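Q: this is the structure alone, sequence omitted:
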């Protein structure tokens with residue numbers, strides 16, 4: 001119950017401070033991640049993204065200070081190994097892939113992708129997907145299908 005009222009940053013820090021034991025592995029496993037280091041990195045990186053959004057910071061062509069780790073051996077569909085090597089880990093696209101991956105596990109019927117596509121469509125000529133790290137074939141990647 002306490003986890004419902006703490007901040008995302010505090011949740012990230014709590015997970016980081018847990019002993020590296022079976023409990024910590026089980027949390028990562030619930031999200032189809034085989035390494036706890038990736039779960040720690042994702043929580044930290046996504047707390048930065050969340051804070052940027054909450055404080056109205058620019059995220060559309062930002063280079064984040066935390067490089068989000070992109071695993072190629074996830075349980076649920078994510079990004080293939082070849083594509084991972086081309087994705088910039090400090091750009092918004094990499095972060096959004098991780099958000100989509102987690103949301104699909106937590107809430108399989110979420111409408112994140114639909115809303116993201118609407119935002120991109122409303123962006124007009126000023127919005128450059130390339131500046132945000134989106135590869136040309138991004139809609140065909142496993143995590144976005």
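A: Yes, it's here. In this text the structure is predicted, and so the values were computed from the model without any measurement. Numbers count the residues shown, from 1 in each chain.
Q: and residue 25, what does it touch?
A: Contacts of residue 25 were listed using Cβ atoms under 8 Å, 6 or more residues apart in numbering, and they are residue 36. The C-beta positions use only the backbone N, C-alpha and C, and glycine is treated the same way.
Q: kindly report the same for residue 65.
A: 48, 90.
Q: and the residue nearest to residue 145 when sequence neighbours are not counted, what does it touch?
A: With Cβ to Cβ, 6 or more residues apart in numbering as the criterion, residue 145 has its nearest non-adjacent residue at 6.8 Å, and that residue is residue 77. Counting by Cβ under 8 Å, 6+ apart, residue 77 touches 142-143, 145.
Q: any idea of the pLDDT on residue 77?
A: Residue 77 carries a pLDDT score of 94 in this model.
Q: TSV for the contacts of residue 77, including neighbour count and distance to residue 128?
A: As requested, these are exported to TSV (neighbours: other Cβ atoms under 10 Å; distance: Cβ to Cβ, whole Å):
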residue	neighbour count	distance to residue 128
142	14	24
143	20	21
145	8	24
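Q: now the helices for the protein?
A: 8-17, 22-30, 36-54, 81-84, 92-106, 112-122 (DSSP state H).
Q: those helices: which one's closest to residue 138?
A: Relative to residue 138, the nearest member of these by Cβ to Cβ is helix 92-106, separated by 6.7 Å.
Q: hang on, the earlier thing: to residue 135, which of the helices of the chain lies closest?
A: helix 81-84 (6.7 Å).
Q: which of the residues in the closest one are buried?
A: Counting neighbours by 16 or more other Cβ atoms under 10 Å, one finds that the buried residues in helix 81-84 are 83-84.
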